[in-house]
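*Asks:* Following is a predicted model, sequence given first.
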Amino acid sequence: NKLNHSEATNGYTYISVLLKTGADQNQAETDIQSFFADKYAKNEKWQVTTYNMSSDMGVINTVINVVTVAISFIAAISLIVGGVGVMNIMLVSITERTKEIGIRKALGAKNKAIKQQFLIESVVLCLVGGIIGILIGILFGFILGKVAMLVINSPSITGIVVSVTFSLLIGVFFGSYPAKKAAKMEVIDALRYE
């Protein structure tokens, strides 16, 4: 065990005890209190209090867990809002390109090909947005690290892969409805659309 202490003008004000890995912290706390209580039992000015930093770690972990849940909730809402935005953009795109869809169908394009086209556009749109978001996150992390004079670790490859995967999934999920709508258009109605 390792001891650190701070000396006041007339004695010690505190002693820090660093336990070995695997030691029972509660038992050590009890032993330290009883040791000093026995040694200085006759000294009325002597008082011993112990403080275990593991209780702080419990509070810190609780706060971190709450913040993680809150950030996850905000991220989920952001993903849903972004997905709805992508769906609206794709629906507007389909409306503007109704004649194009009609011409493609008249030339023999299958419903599956039309659906694939708009689904790929949706996925590419989300993928580009995801990559831009990752690059902005890396840039802001680097700038914040320089400003705060902190050493920021390089971004984890796993985090980047998960982010890109989520972008793709959002593109597929929210692009499916517009793609199906485009594929179901009737050739005559699409060609007559103004």
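*Replies:* Perfect, thanks for sending it. Please read these numbers as outputs of a predicted model, since none were measured by experiment.
*Asks:* The lengthiest helix in the chain packs against which elements?
*Replies:* Counting residues, the longest helix in the chain under DSSP state H turns out to be helix 54-96. If you count contacts as 3 or more CB pairs under 8 Å, 6 or more residues apart in numbering; DSSP states H and E, helix 54-96 packs onto helix 111-147, helix 157-183. Just so you know, the C-beta spots here come from the backbone N, C-alpha and C atoms, and that holds for glycine as well.
*Asks:* Nearest to Asn61, out of those?
*Replies:* Of all those, it is helix 157-183 that lies closest to Asn61, at 21.0 Å by CB to CB.
*Asks:* Buried ones in the closest one, by neighbour count?
*Replies:* Of the residues in helix 157-183, 163-164, 167-168, 170-171, 174-176, 178-179, 181-183 count as buried by neighbour count, 16 or more other CB atoms under 10 Å.
*Asks:* Tell me the confidence at the most centrally placed residue in the chain?
*Replies:* In the chain, the residue lying closest to the centroid (CA atoms, centre = their mean) is Ser72, at 6.1 Å. Ser72 is assigned a pLDDT of 87 by the prediction.
*Asks:* Right, I'll call it a day here.
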